[in-house]
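J.: This is a predicted model, with the sequence first.
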Amino acid sequence: MSALEIAGRSFESRLIIGTGGFRSLDAMRAAVQASGADVATVALRRVDPTARGSILELLDDCGCFVVPNTAGCFTARDAVATARLAREALETDWVKLEVIGDDKTLLPDPGELLDAAEQLVGDGFTVLPYTNDDPVLARRLEDAGCAAVMPLGSPIGSGMGIANPYNLRLIVEAARVPVILDAGIGTASDAALAMEAGCDAVLLASAVSRAEDPAVMATAMRKAVEAGYAARRAGRIPRRLYGEPSSPVEGVAELT
Amino acid sequence: MSALEIAGRSFESRLIIGTGGFRSLDAMRAAVQASGADVATVALRRVDPTARGSILELLDDCGCFVVPNTAGCFTARDAVATARLAREALETDWVKLEVIGDDKTLLPDPGELLDAAEQLVGDGFTVLPYTNDDPVLARRLEDAGCAAVMPLGSPIGSGMGIANPYNLRLIVEAARVPVILDAGIGTASDAALAMEAGCDAVLLASAVSRAEDPAVMATAMRKAVEAGYAARRAGRIPRRLYGEPSSPVEGVAELT
Amino acid sequence: MSALEIAGRSFESRLIIGTGGFRSLDAMRAAVQASGADVATVALRRVDPTARGSILELLDDCGCFVVPNTAGCFTARDAVATARLAREALETDWVKLEVIGDDKTLLPDPGELLDAAEQLVGDGFTVLPYTNDDPVLARRLEDAGCAAVMPLGSPIGSGMGIANPYNLRLIVEAARVPVILDAGIGTASDAALAMEAGCDAVLLASAVSRAEDPAVMATAMRKAVEAGYAARRAGRIPRRLYGEPSSPVEGVAELT
Amino acid sequence: MSALEIAGRSFESRLIIGTGGFRSLDAMRAAVQASGADVATVALRRVDPTARGSILELLDDCGCFVVPNTAGCFTARDAVATARLAREALETDWVKLEVIGDDKTLLPDPGELLDAAEQLVGDGFTVLPYTNDDPVLARRLEDAGCAAVMPLGSPIGSGMGIANPYNLRLIVEAARVPVILDAGIGTASDAALAMEAGCDAVLLASAVSRAEDPAVMATAMRKAVEAGYAARRAGRIPRRLYGEPSSPVEGVAELT
Amino acid sequence: MLTVMLNGDAHQLPDGATVLDAVRAVGASADGRGVAAAVDGEVVPRGQWESRPLSGDERVEVLQAVQGG
Amino acid sequence: MLTVMLNGDAHQLPDGATVLDAVRAVGASADGRGVAAAVDGEVVPRGQWESRPLSGDERVEVLQAVQGG
Amino acid sequence: MLTVMLNGDAHQLPDGATVLDAVRAVGASADGRGVAAAVDGEVVPRGQWESRPLSGDERVEVLQAVQGG
Amino acid sequence: MLTVMLNGDAHQLPDGATVLDAVRAVGASADGRGVAAAVDGEVVPRGQWESRPLSGDERVEVLQAVQGG
């Protein structure tokens, strides 16, 4: 599998892991290692003195490049302020930009998202926007200078997979930056489908962190992403309405 | 991945490769090795003196257990006679039983298939029947003593994937012998889906042999089968209509 | 809408109503009238002296041609015996042939069904077999002399619609007798889809009889069958991956 | 069918017809009459002296309320200017607002659309925005004072039906103004599905105007919309994984 | 008296009873519209109900049309 | 004579021409039903067509209702 | 000489020819690995190829394993 | 004493307290790795924590990296 290139940086794995939802740091460590991911996302929250263990050390041990997100922000203003704090806290100008428009579906707000993306790009950030599956909005985000576009398959944590493969196809066809399927993945075949559709990578959290056995699901996702990537490049057979024999039609014996 | 058990015999890989449709023996060798399959199917045809190379030596080199099929048979009588010749030629009592009912769709003939299965089981064969996705027929074949049931996803060589996941689910729920998805696989996600649905293995030929790059697709299929198997055991998250945050909802800063 | 012709008999409506599942005879009367159906199916059961009202008079009032079924039969022998009693009771040689193979899914038993169909055709019956969606079995039933084939969309009473539109298409393409979609219809769009797929008629019971308001759903089904029939004949537009303007692209003003 | 209420105005039909794409005015007249629509959309273009016949007289004859659109506009500024000209030309403050973001897919531009909607509402227009299927954008348009929201099923003229029924459901659940499915309808079952999903009306043009027989397809669409509306209100049966007998399970004879 | 299995239950009928008596015994409509009878699985045409005697130890089924899918 | 861009093409009109002259020049229906005119992107209400003079170098658009989705 | 239908074609073999001769005539591999023969639809085990004479007018099929799905 | 809104709660700090005191007050790790602070929504770079005094009535947010999707 060739390397994933984002903003001039190269990554071996095409699976990006979100760190939310794990039952324990040990479960996270086992899953992150099994996933083979070399990029992981984190959130920023008020310091909790009672919290034990350091997620950053854990991700360092796993060799993950850490990208903060702006989860929980509902306006461009909040998202921009949060991104600036994240840059200070983690000494990185990379940010997974989330601007949520509805707290029931967690779908992004297209206007606020584009506004925040423009501000952050202007401010020197490497912006990875979590967007809906609208090909026009994806193009606007790309035009605004985002380093990748990260369309959802379906709502965050829903496990509904890729609700509209048709839009994903349109986004992939038009994109000149990496397309990362973000949100909605429920199981391995969803991740394989995303890669077969031409995505450059898959970002997921709940599908692994909330599975009954996160480490085993992380292994499944790693293999599924590799499988989908290989299948895309192998050139699949066309779909046919009728059958096509796989055994020779000549030389059949006359036995009766 | 635990071993696949069929008729008391144990196999490491859950991907079974059909050998039809390759452009050359070299292409077949590369793909069979990449697939990791340890079972391969072959057909029986009239001796062609002009044919070069031995498929059996190739499959021996790859460490594959060889199972002959009855492809090309349209009646129970032809299929039984062909199976007996195959047993003589390959010194195995295993047979992939195909009795085709229509040469346009290559769908099986339910009546002739069941008849042939009963005769061959009575004759001491280990019968692996290629069947349609009818749960009732699958049960009848199992009751007749077949060592596994091999429902199609869609017609042979069609690449249409699993046309009716609902029937496949019913077959898996009721089966007391291994269920092997046979026919219709087009790309990696189809194979992952079959395993997630609870199939014990996947049998495919054209999806690999007729892909633009068979060896790369074989690698994709190997990983997809492993991914789907792991995902089934990992316990996937439920599907939800609405979003479910993967980042904490507490401790969000008030920055604006 | 041109007439539906079955076994030389002509019917105005392409919606056939099964009479099972209604909460009362009054509810049935209202729904049968709203459906516009001129064919209705009934079952045969042991005389229940406590039962009130006559379903036959009701169906006479509604102008329905009555076709008995063999519901509840699990063998060809039972089905044939039941059909003969039905012929005696209702003075008709028409029969909706059901031979169930599994009492959990109510899917037909292909072997017993074909056996019963051959016996009843030989015995002079006009046989309308309820079959699964296997194109090969449908052809065998037609070859056996059935007056129509009645493939399921999904299991009886499941409301899952047409699980495998691909098989239905293959059946319609090959059939030389009327194809009647029987079982699985849940709502109006399912019935429209069946007709758009080329079915000659739709048979349903639970979708209407067990709806919250059977008469309103019967109206919906009547219109849906008519809509699907008309749409099939109107020649739908092709599916396109991209947009196609419906407003002129010439003569656009330059206002800014 | 109860009346459709938009901005305090009441309409009998829940099918709205776009007038683009007809081969002739006669074909349009026959189709509009067959559709039963009492609302029709028109575009504004530079006067073409060679054009024969008056579309407005034709729509008057058919008793249609005429709503101009802003088809062909790619910016809020163009759309607003076009809407103002349309108001002058047609003496109506109703407008179907289209602001296209990509001329290959004809998908709307979310930012420009919302901007134009806010301006036109402020200017006293009754705004019916053609939008994508993003529930958040639909909510923003409603909050901006639009009289209805008109999400697409799939791209204009594509005939792909409802690509993401899940988003449509979310839009319907949240909307406090009428939801009109606009664009993508290919055949009758698509229209029935839209109404079953809870849409208040369906707007279509190409599906009828470019069908082989527009008048017959118009009839199909009229019936399909009525069928879907009735089915929604009739309360459909639930989907079940297994079968549910429609004939009594008691009183089965013992004949063999 | 003779005993037949009538619609699944043991039933006493007077000696010389016919299929018609069995039909009446289950309360089927007099004119027999929509009703059919079988003895040991074989149809007895309506015209023969009155003339067809029962000897006992037979399985008699009397069926009628009911709601069905 | 003065020159305006009329529906995208340079067009000569007599000095003192009004929007009404432009509307007629493109062959719009006399009563103007379903027709609207804009000068430099601004709507000119029908009632002002006759009184609104053109000075040249303006962009005049005269539109009408046509078939549209 | 005797004539058999060998893999679908009429074929001349010397008098006294056996199944083994037929197998060789179609060019099957000497050791017969992956090869099977049938006379009139019945399998002839490899061990009997040499001893099983052909009388003519028989249908002989000699098959081998080939690529197949 | 001065009072600031520290991570959403009113908090007393000694006169002359700095952002660093606020960071310590919420129990953030000493080296401040993965921690950032804002006063009235504006980031205060780590290098200025010690020198940036608080005057009271300010909203101070001290954040750290946590698990997140």
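T.: Looks like it came in fine.

J.: Give the partner strands of the longest strand along chain E in its sheet and their orientations.
T.: Counting residues, the longest strand found in chain E (DSSP state E) is strand E:59-67. Sheet pairing of strand E:59-67 (DSSP bridges) gives strand C:39-46 (antiparallel), strand E:2-6 (parallel), strand E:35-39 (antiparallel).

J.: Any idea which of the ones you listed has the lowest pLDDT on average?
T.: Lowest mean pLDDT within those: strand E:2-6, a mean of 89.

J.: gap between that one and the chain center?
T.: The chain centroid and the centroid of strand E:2-6 are separated by 10 Å, computed with CA atoms, centre = their mean, to the nearest Å.

J.: Would you mark the buried spots in it?
T.: Under the neighbour-count criterion of 16 or more other CB atoms under 10 Å in any protein chain shown, strand E:2-6 has E:2, E:4, E:6 buried. Where C-beta positions appear, they are placed from N, C-alpha and C, glycine not excepted.

J.: Just give the nearest non-adjacent residue to A:P155, would you?
T.: B:G243 (3.8 Å; CB to CB, 6 or more residues apart in numbering or on different chains).

J.: Now that we have the buried residues of strand E:2-6, can you turn them into TSV and tack on distance to G:G27?
T.: Shown next, in TSV, are the buried residues of strand E:2-6 (distance: CB to CB, whole Å):
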residue	distance to G:G27
E:L2	80
E:V4	75
E:L6	75
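
J.: Up against chain D, what does the stretch 151-256 of chain A have?
T.: Residues of the stretch 151-256 of chain A lying close to chain D (CB under 8 Å from any CB of the partner chain) are A:154, A:160, A:163-164, A:166-167, A:170, A:174.

J.: And the buried residues of strand E:2-6, which is closest to chain F?
T.: Proximity of those to chain F (CB to the nearest CB) peaks at E:L6, which lies at 70.2 Å.

J.: is the residue lying closest to the closest one once chain neighbours are set aside in a bridge, and if so with what?
T.: Counting by CB to CB, 6+ apart, E:L6 lies nearest to E:V60, which is 5.0 Å off, once chain neighbours are set aside. The bridge-partner assignment for E:V60, based on DSSP bridges, gives E:L6, E:V39.

J.: count of residues packed around E:V60?
T.: 24 (other CB atoms under 10 Å in any protein chain shown).

J.: how close does it sit to chain G?
T.: 52 Å (CB to the nearest CB, to the nearest Å).

J.: Backbone dihedrals for A:A192, both of them.
T.: phi -60, psi -40 (degrees, to the nearest 10).

J.: picking up where we left off before, contact partners for the residue nearest to A:P155?
T.: If a contact means CB atoms under 8 Å, 6 or more residues apart in numbering or on different chains, then B:G243 has A:104-107, A:155-158 as its contacts.

J.: and it, what pLDDT?
T.: Predicted confidence (pLDDT) for B:G243: 84.

J.: Looking at chain A, which helix is longest?
T.: helix A:214-234 (DSSP state H).

J.: Residue of chain E nearest chain C, please.
T.: Counting by CB to the nearest CB, chain E gets nearest chain C through E:G68, at 2.4 Å.

J.: I'd say that residue and C:V67 touch.
T.: No: shown here, E:G68 and C:V67 do not form a contact pair, counting by CB atoms under 8 Å, at 10.1 Å.

J.: More neighbours: which of the two?
T.: Applying other CB under 10 Å to E:G68 and C:V67 shows that E:G68 carries more neighbours, namely 27 against 21.

J.: residues contacting A:I55?
T.: Applying CB under 8 Å, 6+ apart, we find A:I55 in contact with A:19, A:25, A:28, A:42, H:34, H:65-67.

J.: Buried among the contacts of B:G243? Make that a ChimeraX selection.
T.: Of the contacts of B:G243, the buried ones go into a single ChimeraX selection, burial set by 16+ other CB under 10 Å:
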select /A:105,106,107,155,156,157,158
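
J.: Please produce a markdown table containing the contacts of B:G243, extended by distance to B:P248.
T.: Formatted as a markdown table, the contacts of B:G243 follow (distance: CB to CB, whole Å):
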| residue | distance to B:P248 |
| --- | --- |
| A:K104 | 18 |
| A:T105 | 19 |
| A:L106 | 14 |
| A:L107 | 19 |
| A:P155 | 18 |
| A:I156 | 13 |
| A:G157 | 13 |
| A:S158 | 18 |
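
J.: Out of the contacts of B:G243, flag the one nearest to F:A17.
T.: F:A17 lies nearest to A:L107 out of the contacts of B:G243, by CB to CB, at 54.4 Å.

J.: shaky segments in the stretch 1-150 of chain A?
T.: For the stretch 1-150 of chain A, the stretches with pLDDT under 70 are A:52-53.

J.: Spell out, range by range, the helices that occur in it.
T.: A:25-35, A:55-61, A:76-90, A:110-122, A:135-143 (DSSP state H, counting those that start in this stretch).

J.: Make JSON lines out of the ones you listed and add distance to D:W94.
T.: Putting those into JSON lines (distance: least, CB to CB, whole Å) gives the following:
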{"stretch": "helix A:25-35", "distance to D:W94": "54"}
{"stretch": "helix A:55-61", "distance to D:W94": "55"}
{"stretch": "helix A:76-90", "distance to D:W94": "33"}
{"stretch": "helix A:110-122", "distance to D:W94": "25"}
{"stretch": "helix A:135-143", "distance to D:W94": "25"}
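
J.: do you know which of those lies nearest A:D213?
T.: With CB to CB as the yardstick, what comes closest out of the helices of the stretch 1-150 of chain A is helix A:25-35 (9.1 Å).

J.: Show me the beta-bridge partners of residue 67.
T.: Here I'm looking at chain A. With DSSP bridges as the rule, A:V67 is bridged to A:T41.

J.: right idea, wrong chain: chain E
T.: Assigned bridge partners for E:Q67, using DSSP bridges, are C:V42.

J.: For H:V19, see how far away it is.
T.: 80 Å (CB to CB, to the nearest Å).

J.: Could you measure from A:D133 over to chain C?
T.: Distance from A:D133 to chain C, by CB to the nearest CB: 15 Å.

J.: neighbours around that residue, how many?
T.: 28.

J.: now swap in A:G63 and tell me
T.: 13.

J.: Could you pull up the residues touching it?
T.: Contacts of A:G63 by CB under 8 Å, 6+ apart are A:D38.

J.: State the phi and psi torsions of it.
T.: The phi/psi pair for A:G63 (degrees, to the nearest 10) is phi 70, psi 30.

J.: do the same with A:E91
T.: phi 50, psi 40.
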